[in-house]
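Undergrad: this one's structure only:
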C-alpha cells in the first residue's frame with residue numbers, strides 16, 4: 001500500500017490523515033466495532049490538522065454514502081442475478097444483505113472521501 005502514499009486514494013482506503021497521511025483519523029481502526037464507528041480524533045497528532053472543519057461537517061458524507069451504497073447494491077445485483085442467475089426475491093435479499101453487512105465500511109469510506117474533497121496531501125508535513 002506504500003506505493004499509493006501521497007495520493008487521495010491512500011487516505012480514502014486507509015482512513016489516514018489527508019494532509020500528512022501519517023496516522024489514522026479514527027480512534028478505532030475497525031469499523032465493525034459499532035459503538036466506536038464515529039469516534040474520530042479531534043486533530044492529527046503529527047501535523048495538527050483539524051478533522052472537523054466546522055460543526056456538522058460530516059453531514060455531507062451522507063450524500064457520498066448514498067453513491068457508495070448504490071455501487072455496492074449494483075455489484076450485489078450483478079453477482080447474484082447476472083452471474084448466479086438467482087430469482088428476483090433472492091437477488092433482493094442479497095442486495096439488502098450486502099448493504100447491511102457493509103454498512104460500517106460504507107460509512108467510514110464515505111467520511112474518508114468527503115474529507116478528501118476539502119483537504120489535500122502536503123509533502124512538507126508528511127513523515128520523512
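TA: Received, thanks. All values reported here derive from a predicted model rather than from experimental measurement. Numbers count the residues shown, from 1 in each chain.

Undergrad: For the rest of this, base every contact and every neighbour count on C-alpha atoms.
TA: Noted.

Undergrad: tell me which residues in stretch 38-45 are buried?
TA: Using 16 or more other C-alpha atoms under 10 Å as the test for burial, stretch 38-45 gives 38, 40, 44.

Undergrad: just the residues you listed now: which is nearest residue 60?
TA: residue 38 (14.3 Å; C-alpha to C-alpha).

Undergrad: wouldn't residue 28 be in contact with residue 36 here?
TA: Yes. Using C-alpha atoms under 8 Å, residue 28 is in contact with residue 36, at 6.6 Å.

Undergrad: Compare those two (neighbour count), which wins?
TA: A side-by-side neighbour count of residue 28 and residue 36, using other C-alpha atoms under 10 Å, places residue 28 first with 17 against 14.

Undergrad: wait, what's in contact with the more buried one?
TA: 36, 37, 39 (C-alpha atoms under 8 Å, 6 or more residues apart in numbering).

Undergrad: tally of neighbours for residue 114?
TA: Neighbour tally, residue 114, other C-alpha under 10 Å: 21.

Undergrad: Which helix or strand contains the spatially most central residue of the chain?
TA: Geometric centre of the chain, nearest residue: residue 109, 0.7 Å, by C-alpha atoms, centre = their mean. Element membership of residue 109, judged by DSSP states H and E, is helix 88-118.

Undergrad: Ok, residue 71 next?
TA: Residue 71 belongs to helix 61-77, assigned by DSSP H and E.

Undergrad: quick one, that helix and helix 88-118 angle?
TA: For helix 61-77 against helix 88-118, the angle by axes from the mean of the first three to the mean of the last three C-alpha atoms, to 10 degrees is 140 degrees.

Undergrad: Average the pLDDT values over helix 61-77 and round to the nearest integer.
TA: Mean pLDDT, helix 61-77: 97.

Undergrad: thinking again about what came up before, just the contacts of residue 28: which has the poorest pLDDT?
TA: Lowest pLDDT among the contacts of residue 28: residue 37, 89.
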